[in-house]
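> Okay, here's the prediction I keep looking at, along with the sequence it came from:
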Amino acid sequence: MTSVPDAIPESIHADQQVDASLRAELARGDMALSTLTPVLTHFLNTQDRSLFSDSIVARVRGMLRSASYRLLRVEAEEIGANDVFAYAEARADMLAEELARHAGFLGHCHALSIEWQLADRLRSRNGIDPILSPLLQSLIATGDAQLSDAAMGTLAAQARFIEQQKRMEMPLAELPEEQFVNFISVWRRQREDLSDDLAGSVETRIRQMRADNEARLSLLERTAAGLGARADVALSLAHAGAALFLTTLAHKAGQDRDIAVVSTNDRQLVRFALSLRAAGLSPAETRAQLRCLHPDASMPAAIAQVSRADARALLESSPFGHAE
């Protein structure tokens with residue numbers, strides 16, 4: 001996902017306004033993030049439930065099995081199985097177990113489950129609609145045809161995402177390309193008995209399906225990009241909603257979106273605050289977004305002293321600090 005810089009940039013060491021406590025807190029956040037892969041792999045073998053509650057465990061399990069079942073349905077159809085449903089059902093758990101050993105795929109499913117949980121919490125606590133936010137509604141009505149089209153697609157995709165998460169599903173068309181390639185690789189390794197022609201035809205069919213259905217994350221990126229110089233309007237949870245907010249935050253702060261999602265956890269307050277500052281928000285605006293997300297939390301005083309450039313440099317000094 002990321003590469004580890006050799007050292008914290010010299011500008012950070014030289015800038016007396018950057019409190020050393022921020023680096024220490026960010027390092028503690030890095031340590032928590034570094035445990036996610038082994039925790040996800042072993043699911044229940046952890047005492048720390050702050051990033052990995054029982055409901056998230058169940059949701060990740062469901063997504064792994066859902067993705068496996070959907071691929072095996074296509075395989076069954078390609079080989080002409082008498083009962084494609086029974087064929088996929090009998091093999092889905094085994095493929096899901098193999099898939100659970102892939103850190104990148106697990107991390108993505110984990111982030112999606114956290115995003116759904118966040119959207120649901122914001123709905124119940126703040127009255128923020130998880131599907132149609134005020135910003136999305138205004139973009140649908142805009143005179144910019146391309147932006148309106150992207151916003152309409154985002155609305156439909158977000159509605160599907162909420163329902164899919166309730167059912168713990170993972171449609172293959174929604175996987176980012178990197179994770180789809182990982183999934184196909186895991187499946188091919190497990191099914192060494194399949195001929196190259198058959199495996200190729202299964203992959204081709206699924207790729208065609210993916211091409212015919214633009215993924216939610218792609219639509220969110222297209223909508224955020226369409227805002228152009230006005231993208232700051234999406235850096236408000238109450239105005240933009242969680243999905244568009246997270247996409248915009250990740251882009252403007254130079255972060256991987258999955259890490260931006262995980263940073264909303266209460267053990268990652270410094271990372272989240274630094275991301276907001278790196279995205280260009282003022283200390284007051286950063287405080288407002290923190291309070292929206294964590295009403296009882298206090299913004300570390302040192303955050304107000306950090307410039308946008310230094311916030312980005314601090315994030316990039318982290319092993320989880322930037323998108324590729």
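Thanks, I have the structure now.
> Give me the secondary structure label for residue 292.
helix (DSSP: H, G, I helix; E, B strand; the rest coil).
> An error on my part: the question was meant for residue 193.
With three-state DSSP as the basis, residue 193 sits in coil.
> so what's the most centrally placed residue in the chain up against?
Nearest to the mean C-alpha position of the chain, by Cα atoms, centre = their mean, lies residue 258 at 3.2 Å. Listed by Cβ atoms under 8 Å, 6 or more residues apart in numbering, the contact set of residue 258 reads 1, 107, 108, 110, 111. The C-beta positions use only the backbone N, C-alpha and C, and glycine is treated the same way.
> Could you work out the most separated pair of those?
1 and 110 (12.4 Å; Cβ to Cβ).
> Could you measure from the nearest residue to residue 132 once chain neighbours are set aside over to residue 249?
Among residues not flanking residue 132 along the chain, residue 155 sits closest, at 6.1 Å (Cβ to Cβ, 6 or more residues apart in numbering). Residue 155 is 20 Å from residue 249, where distance means Cβ to Cβ, to the nearest Å.
> Next one: residue 140 from residue 280, what distance?
Residue 140 is 25 Å from residue 280, by Cβ to Cβ.
> My error: substitute residue 229 in the last question.
Using Cβ to Cβ, residue 229 is found at 11 Å from residue 280.
> Neighbour count for residue 155 and residue 249, which is higher?
Comparing residue 155 with residue 249 by other Cβ atoms under 10 Å, the one with more neighbours is residue 249, at 27 against 19.
> Which strand or helix spans that one?
Per DSSP states H and E: residue 249 is located in helix 242-253.
> can you dump the C-alpha coordinates of that helix into PDB?
Coordinates of each C-alpha in helix 242-253 appear next as PDB, following Å, rounded to 0.1, in the frame of the first residue of the first chain:
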ATOM      1  CA  ALA A 242     -19.300  10.300   4.700                       C
ATOM      2  CA  ALA A 243     -18.500   8.800   1.300                       C
ATOM      3  CA  LEU A 244     -17.800  12.000  -0.700                       C
ATOM      4  CA  PHE A 245     -16.100  13.500   2.300                       C
ATOM      5  CA  LEU A 246     -13.700  10.600   2.700                       C
ATOM      6  CA  THR A 247     -12.900  10.500  -1.000                       C
ATOM      7  CA  THR A 248     -12.100  14.200  -1.100                       C
ATOM      8  CA  LEU A 249     -10.100  14.100   2.100                       C
ATOM      9  CA  ALA A 250      -8.000  11.200   0.800                       C
ATOM     10  CA  HIS A 251      -7.300  13.100  -2.500                       C
ATOM     11  CA  LYS A 252      -6.500  16.500  -1.000                       C
ATOM     12  CA  ALA A 253      -4.400  15.100   1.800                       C
END
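> now it: how far from the chain's centre is it?
Centre-to-centre, helix 242-253 and its host chain are 10 Å apart (Cα atoms, centre = their mean, to the nearest Å).
> since we're on the nearest residue to residue 222 once chain neighbours are set aside, how many residues are nearby?
Leaving out its chain neighbours, the residue that sits closest to residue 222 by Cβ to Cβ, 6+ apart is residue 150, at 4.3 Å. Using other Cβ under 10 Å, residue 150 has 24 neighbouring residues.
> ok, residue 316 touching residue 256?
No - counting by Cβ atoms under 8 Å, residue 316 stays clear of residue 256, with 11.7 Å between them.
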